[in-house]
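Novice: Have a look; sequence and predicted model below, questions after that.
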Amino acid sequence: MTFSIVEHMSDTIAEIRLPTKELRDDIPFFTNVLGMRMDMIYPADDPRIAVFSGHGLRLRIEKGAPEPPGTIRILTDDPDGFAGGARELVAPNGTRVEIDARDPPLVLPETRHSFVVRRLADGAPWVIGRAGMNYRDLVPDRLGGAMIASHIRIPHGGPVPDMVHYHKVGFQLIFCINGWVDVLYEDQGGLRRLTAGDCFIQPPEIRHRVVEASDDLQVIEIGVPAEHVTEIDHEMTLPTPHYRPDREWQGQRFVHSLAKEGKCGPSRLPGYICRDTGIAEATRGVAGVQVLRRGEDAPGWAVHDADILFNYVMAGRVMLQGEGRTPFALEAGDAFVIPPGMATRLADPSDDLELLEVTLPGTFRTEVQS
């Protein structure tokens, strides 16, 4: 497959070249089966080249071209009504054609529950991700694809080379653990600054752009499902002219929870207090986000029935004990997931312990055990 650029008057057109052995066999496939238009064919006496256009493509089928046949993906709103409902075709010239939905529905995999401990000292690699940000995977098995948890950092502050984009997700949380970051959001006014202890709930498909960050910005990002699409919006400019704080995207509102406005109260776990971010109420129970700290009483054993319960140690130390498991001494930078039905205890918390707890759903039962 080769790209070529054609100058025609003041316009520039890009072509993809594909090979063929016999052009006459390809013409009915590209025109009748794929519904493309034939724009050129030559030479007249023994055609060797034909140019077809359609579905956002311009194809140059050339007899004897040296490239391999390649693969074309056609995205349509009605894949069952396109090409007789076939999802895979092979053209006479050998080009594979895949037909798929233009905007496929979001699939939320069933959670594959597991007990996960990810320690910073284990040396999980940092990888360069979108917009040059560094990513560290906190849940390697992704719970069967149900969720992804990333420790994201920008070591050197300043403007971020981001574009207006959105994510096709069921739920997404950004929790700041160090530094600050400025972000623009669709219909949410001007710059929103996230500082340590604050969090954003980014509703599905809300347009946004990361603008600037401090040195050593660090955030925890939770996404459901694990694999989701990020799309660039080339048309929208942020900030948008309207401020609509009550707007909903697929039943969820944008939430900017500030640490300084949080109130501490009893935790679901004995021996702990917590700061509730209000995320459970704002997302209508989709998820809950709390920050746990050491309380007055002794920590006890407990069992929960949440589908996903993720924790990240932001500061201090704690001993994670689980039934039938070797205890884990955890410190800042460590993360863990406790599956439903497993009895655990967070023992020997340090006085400065700060533990981020993210749950899906936001409301669930906890049974304290003696």
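Specialist: Sure, I can see it.

Novice: Show me what counts as buried in the longest strand along the chain.
Specialist: Ordering each strand of the chain by length in residues (DSSP state E) puts strand 11-20 first. Buried residues in strand 11-20, defined by neighbour count with 16 or more other C-beta atoms under 10 Å: 15, 16, 17, 18, 19, 20. C-beta here means a position set from N, CA and C on the backbone, and glycine is covered the same way.

Novice: show me where the protein has helices.
Specialist: Applying DSSP state H to the chain gives helices spanning 23-28, 279-282.

Novice: picking up where we left off before, residue 114: which of the buried residues of strand 11-20 is nearest?
Specialist: Residue 114 lies nearest to residue 16 out of those, by C-beta to C-beta, at 44.0 Å.

Novice: Pull stretch 361-370 out as CSV, backbone CA atoms only.
Specialist: The C-alpha trace of stretch 361-370 is given here as CSV (Å, rounded to 0.1, in the frame of the first residue of the first chain):
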residue,chain,number,x,y,z
PRO,A,361,-20.7,1.2,42.5
GLY,A,362,-20.7,4.1,44.9
THR,A,363,-23.1,2.4,47.4
PHE,A,364,-22.3,-1.1,48.7
ARG,A,365,-22.4,-3.2,51.8
THR,A,366,-19.5,-3.7,54.3
GLU,A,367,-19.6,-6.4,56.9
VAL,A,368,-17.4,-5.9,59.9
GLN,A,369,-16.1,-9.1,61.3
SER,A,370,-14.9,-9.9,64.8
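
Novice: now the protein, which segments are flagged as low pLDDT?
Specialist: 1-10 (pLDDT under 70).

Novice: got the domain boundaries for it?
Specialist: 2-101, 116-259, 261-369 (automatic domain parsing).

Novice: Please name the nearest non-neighbouring residue to the most centrally placed residue in the chain.
Specialist: Nearest to the mean C-alpha position of the chain, by C-alpha atoms, centre = their mean, lies residue 228 at 4.6 Å. Leaving aside its sequence neighbours, residue 228 sits nearest to residue 169 (C-beta to C-beta, 6 or more residues apart in numbering; 4.7 Å).

Novice: can you pull the contacts of that neighbour?
Specialist: 106, 202, 204, 223, 224, 225, 228 (C-beta atoms under 8 Å, 6 or more residues apart in numbering).

Novice: still on that earlier bit, pretty sure the residue nearest to the centre of the chain sits against residue 108.
Specialist: No - under the criterion of C-beta atoms under 8 Å, residue 228 makes no contact with residue 108, lying 10.0 Å away.

Novice: Residue 57 and residue 278, how far apart?
Specialist: Residue 57 sits 48 Å away from residue 278, going by C-beta to C-beta, to the nearest Å.

Novice: Tell me which two of the buried residues of strand 11-20 sit farthest apart.
Specialist: Checking the buried residues of strand 11-20 with C-beta to C-beta, the most distant pair is 15 and 20, at 14.6 Å.

Novice: Let me see the residues that make contact with stretch 264-281.
Specialist: By C-beta under 8 Å, 6+ apart, stretch 264-281 touches 173, 199, 201, 255, 257, 259, 262-263, 287-300, 302, 304, 346, 349, 357, 362-363, 366, 368.

Novice: try stretch 56-67
Specialist: Contacts for stretch 56-67 (C-beta under 8 Å, 6+ apart): 1-2, 4, 13-23, 26, 30, 36, 39, 47-53, 72, 93.

Novice: residues touching the closest residue in space to residue 350 that isn't next to it in sequence, list them.
Specialist: Distance criterion C-beta to C-beta, 6+ apart; nearest residue to residue 350, sequence neighbours excluded, is residue 316 at 4.0 Å. Listed by C-beta under 8 Å, 6+ apart, the contact partners of residue 316 are 331, 332, 349, 350, 351, 352, 353, 354.

Novice: Same question for residue 71.
Specialist: Counted by C-beta under 8 Å, 6+ apart, residue 71 has contacts 95, 96, 97, 98.

Novice: Tell me the one among these nearest to residue 154.
Specialist: residue 98 (36.8 Å).

Novice: picking that back up, and the contacts of residue 169, which of them are buried?
Specialist: By neighbour count, with 16+ other C-beta under 10 Å, the contacts of residue 169 hold 202, 204, 223, 224, 225, 228 as buried.

Novice: mind listing what the last one touches?
Specialist: Under the criterion of C-beta under 8 Å, 6+ apart, the neighbours of residue 228 are 106, 167, 168, 169.

Novice: okay if I get these as TSV plus distance to residue 248?
Specialist: Output for the contacts of residue 228, formatted as TSV (distance: C-beta to C-beta, whole Å):
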residue	distance to residue 248
106	16
167	16
168	16
169	15
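
Novice: Kindly state the beta-bridge partners for residue 229.
Specialist: residue 168 (DSSP bridges).

Novice: quick one: it from residue 253, how far?
Specialist: 22 Å.

Novice: Looking at these two, which one has more neighbours?
Specialist: residue 253 (17 against 11; other C-beta atoms under 10 Å).

Novice: Determine which two of the contacts of residue 228 are furthest apart.
Specialist: Among these, 106 and 167 lie farthest apart (C-beta to C-beta), at 10.3 Å.

Novice: who touches both of those two?
Specialist: 204, 228.

Novice: Most distant residue from the centre of this structure?
Specialist: Largest centre distance within the chain, by C-alpha atoms, centre = their mean: residue 45, 54.1 Å.

Novice: residues in contact with that residue?
Specialist: Listed by C-beta under 8 Å, 6+ apart, residue 45 has no contact partners.

Novice: what are the phi and psi values for it?
Specialist: Phi and psi for residue 45, reported as degrees, to the nearest 10, are phi -80, psi -30.
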